[in-house]
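>>> coords please:
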Amino acid sequence: MLLGIGYLPRRSGPALWREFDATEIQEDMAHIAELGFQAVRVPLFWADFQPGMERIAPRVLDRFGQFLQIAADCSLRVKAGLWAGMWDGAFWWPDWGMNPAPIPPRWPLLVNDQFVRWGRMRHPFTDERMLAARDILIKELVGYFATHPALLGWEPLPGFGRLAASAQRSAAVEWLESTTESLKEAAHDCSCTYLLALDALETDTAVWPDDVIEAGGEPNLSLATFASDRRRLPLNPRWIAFALDLTSTLAQQPISLALAGLPTVAAGDPSAARDGVFYANEEEAAAHLADVIAIARDRECPSLWLWRWADIPEERWGIPPYNRPNWRRHTGLLRADGSEKKLVMALTEAAQMDDIPRLEYDPDEYRSDPQTHFSRLWYEFQQTSGSQ
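Sure, this is the predicted structure:
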């Protein structure tokens, strides 16, 4: 199983491509490799790489090339989040991808490093302007780095699952198919990963994992490990096993898992629930992460992606999106000062846990009424696995 981690530099954070610090990245990559990771997942913020609909930033492309080489020198592979997209709870969007409108956006939306109060993003699935821009970046970026040995693959539009859930299913599938086809034309052997949200699979309009596979892509499951069972039972390993079994059966193959954060309280503080989110102390978080790693191996996940490298430094809490207090400030393997949390113990310690039975069901029957069957299956799975 490949073990990867979501990466932004500890100090420069989302300003990675504009304030490129090769020394900081080199230090981080060496540390990441030392902890046993094989890959990093990094966002290519759309506005940084494509500041105009028909204009690519050559300096930023050069910096991405430097990033790939630094990773390669540390024996790490890179999964690149193309057209990012949803990251840290907000959509980072180029200004040329906006439509003025006297209505608020549907999601937290960042343009030019500021939250948008009024306006709507041009939809990447259907807007001709966005589709044309997509094709330009594929040609200039994907084509140029197609054979780089450090490149593990592309993740088109981080946040795909969220956008797909709010769009017509036919539009989402058509975009998925045309995007994957274009990527593979530019880079014949490239891997194309699409992140699917578990809650989207409770709807009959979902883009299913097998839709992604039929289009030539690789579905990954995104899961908030701290918010198990609708936040009623946090840090529940059975929820992780259930979600993986449900999704892999729909995919008809093992599926990779991307964890959407594991927020921790300050070192020495007790675990606490705040604003509907469970913040674990570092010992409890490490034990849970060890369980998750064991489950992912048992379920034969091709890869497991932890959410982020380091907590957000307090001096960045005044900068969007971190100026809105939330759990995403506290989901790193490192504390904001660069010291390791006790979470890292989970990377090398084997979890001692009871076997969790496999979920078995008829995927065709499930698709006929996902919401009803999802609730029924989760209830039955808890009884079978002995959960209280």
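>>> lowest-confidence helix or strand of this protein?
helix 228-231 (a mean of 55; mean pLDDT, DSSP states H and E).
>>> show me what the helix or strand following that one is packed up against.
Once the chain leaves helix 228-231, the next helix or strand it forms, by DSSP states H and E, is helix 237-251. In terms of contacts (3 or more Cβ pairs under 8 Å, 6 or more residues apart in numbering; DSSP states H and E), helix 237-251 is packed against helix 209-214, strand 218-223, helix 228-231, helix 282-298, helix 363-368, helix 370-385. Every C-beta, even on glycine, is put in place using the N, C-alpha and C of the backbone.
>>> please repeat the previous calculation with a cut-off of 7 Å.
helix 209-214, strand 218-223, helix 282-298, helix 370-385 (3 or more Cβ pairs under 7 Å, 6 or more residues apart in numbering; DSSP states H and E).
>>> helices or strands up against the last one?
Looking back up the chat, that one is helix 370-385. helix 237-251.
>>> could you rerun that using 10 Å?
With contacts taken as 3 or more Cβ pairs under 10 Å, 6 or more residues apart in numbering; DSSP states H and E, helix 370-385 sits against helix 228-231, helix 237-251, helix 363-368.
>>> in it, what's buried?
Using 16 or more other Cβ atoms under 10 Å as the test for burial, helix 370-385 gives P370, H373, F374, L377, W378, F381, Q382, S385.
>>> all helices for the chain, in order.
In the chain, the helices defined using DSSP state H lie at 22-34, 46-49, 58-73, 128-137, 160-165, 169-186, 209-214, 228-231, 237-251, 282-298, 363-368, 370-385.
>>> any idea which of those helices scores lowest on pLDDT?
Sorting the helices of the chain by mean pLDDT places helix 228-231 lowest, at a mean of 55.
>>> hmm, back to that, quick one: which of the helices and strands packed on helix 237-251 is nearest K79?
Closest to K79 of the helices and strands packed on helix 237-251 is strand 218-223 (Cβ to Cβ; 9.7 Å).
>>> right, and D28 touches R308 too?
No: counting by Cβ atoms under 10 Å, D28 sits too far from R308 to count as a contact (11.6 Å).
>>> nearest residue to I56 in space, please, no chain neighbours.
Nearest non-adjacent residue to I56, counting by Cβ to Cβ, 6 or more residues apart in numbering: E140, 4.7 Å away.
>>> correct me, but the one you found touches Q50?
Yes: counting by Cβ under 10 Å, E140 touches Q50, with 8.5 Å between them.
>>> give me the common contacts of those two.
I56, A57 (Cβ atoms under 10 Å, 6 or more residues apart in numbering).
>>> what about W87, distance to A260?
Noted for W87: a distance of 11 Å to A260, by Cβ to Cβ, to the nearest Å.
>>> what touches both of the two?
Common neighbours of W87 and A260 (Cβ under 10 Å, 6+ apart) are G6, R308, R328.
>>> what is the nearest of the residues you listed to A241?
G6 (22.3 Å).
>>> let me see the contact set for the closest one.
Counted by Cβ under 10 Å, 6+ apart, G6 has contacts 40-43, 79, 81, 87-88, 158, 258-261, 305-309, 331-332.
>>> tell me the buried residues within the residues you listed.
By 16+ other Cβ under 10 Å, the contacts of G6 give 40-43, 79, 81, 87-88, 158, 258-261, 305-309, 331-332 as buried.
>>> point out where the stretch 201-350 of the chain drops to low pLDDT.
226-232, 350 (pLDDT under 70).
>>> quick one: contacts for the most centrally placed residue in the chain?
Residue closest to the average C-alpha location in the chain (Cα atoms, centre = their mean): A258, at 5.8 Å. Residues counted as contacts of A258 (Cβ under 10 Å, 6+ apart) are 4, 6, 41, 79, 155, 158, 193, 195-196, 220-223, 303-307.
>>> if I look at the closest residue in space to it that isn't next to it in sequence, how far off is L257?
Closest residue in space to A258, ignoring its immediate chain neighbours: W305 at 4.2 Å, by Cβ to Cβ, 6+ apart. Separation of W305 from L257 (Cβ to Cβ) stands at 7 Å.
>>> between these two, what contacts are shared?
N220, S222, A296.
>>> and I25, how far is that from P108?
The gap separating I25 from P108 is 27 Å, by Cβ to Cβ.
>>> give me the neighbour count for the closest residue to A197 other than its chain neighbours.
Spatially, and ignoring its direct neighbours in sequence, A197 is nearest to G161 (3.8 Å; Cβ to Cβ, 6+ apart). Using other Cβ atoms under 10 Å, the number of residues around G161 comes to 24.
>>> quick one: common contacting residues for D28 and R308?
Shared contacts of D28 and R308 (Cβ under 10 Å, 6+ apart): Y7, L8, R10, L334.
>>> between the residues you listed, which sits nearest W92?
Proximity of the shared contacts of D28 and R308 to W92 (Cβ to Cβ) peaks at L8, which lies at 11.7 Å.
>>> next, count neighbours for P270.
So P270, with other Cβ under 10 Å, has 9 neighbours.
>>> off-centre distance for stretch 336-354?
Chain-centre distance of stretch 336-354: 20 Å, with Cα atoms, centre = their mean, to the nearest Å.
>>> would you mind measuring the gap between the ends of it?
Taking Cα to Cα, to the nearest Å, the first and last residues of stretch 336-354 lie 35 Å apart.
>>> buried residues, that stretch. List them.
So, applying 16+ other Cβ under 10 Å, buried residues of stretch 336-354: A336, K341, K342, L343, V344, M345, A346, L347, A351.
>>> how about A84, nearest residue that isn't a chain neighbour?
P43 (3.5 Å).
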